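A.B. asks: One predicted model, sequence on top.
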Amino acid sequence: MLFRSVPPTRLPLVLFFWIFDRAMFAADLDIIRMLGDTVTQEDCTALMDELNNANRFAPTFLRGTLGIRASGGRLMALRSSLDGLIETTGH
């Protein structure tokens, strides 16, 4: 999921840094795990809203300037593609 959540233009850089410093992506992987733990669409949307409103990452040259991180927009698109598999409240 990490590689699918990275903008395609950044994927070669992410793959390079993944080989040498996987710890750099710990925050991204935590977010993906939290999204995986959601049960309802409402839970998922609430988590994404919280993440969009919070400062998720300490700004660094690699994460901020080069954009070597998971994209919130791409994570939302991936989540939307799974909507049919996630329970809605009341079912």
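C.D. replies: Great, that's in hand.
A.B. asks: From start to finish, how long is stretch 16-24 in a straight line?
C.D. replies: 12 Å (C-alpha to C-alpha, to the nearest Å).
A.B. asks: tell me which residues in that stretch are buried?
C.D. replies: 18, 24 (16 or more other C-beta atoms under 10 Å). No exception for glycine: its C-beta is placed from N, CA and C like everyone else's.
A.B. asks: element containing residue 34?
C.D. replies: helix 26-37 (DSSP states H and E).
A.B. asks: buried ones in the helix or strand following that helix?
C.D. replies: Under the assignment DSSP H and E, the closest C-terminal helix or strand after helix 26-37 is helix 41-53. Across helix 41-53, burial judged by 16+ other C-beta under 10 Å covers 41, 43-44, 47-48, 51.
A.B. asks: just how off-centre is the helix or strand that helix 41-53 is followed by within its chain?
C.D. replies: For helix 41-53, the succeeding helix or strand toward the C-terminus, using DSSP H and E, is helix 72-81. Relative to the chain's own centre, helix 72-81 is displaced by 8 Å; criterion: C-alpha atoms, centre = their mean, to the nearest Å.
A.B. asks: For helix 72-81, report the contacting residues that lie outside it.
C.D. replies: 1, 4-7, 31-32, 35, 44, 48, 51-52 (C-beta atoms under 8 Å, 6 or more residues apart in numbering).
A.B. asks: out of the buried residues of helix 41-53, who's nearest residue 15?
C.D. replies: Proximity of those to residue 15 (C-beta to C-beta) peaks at residue 51, which lies at 23.6 Å.
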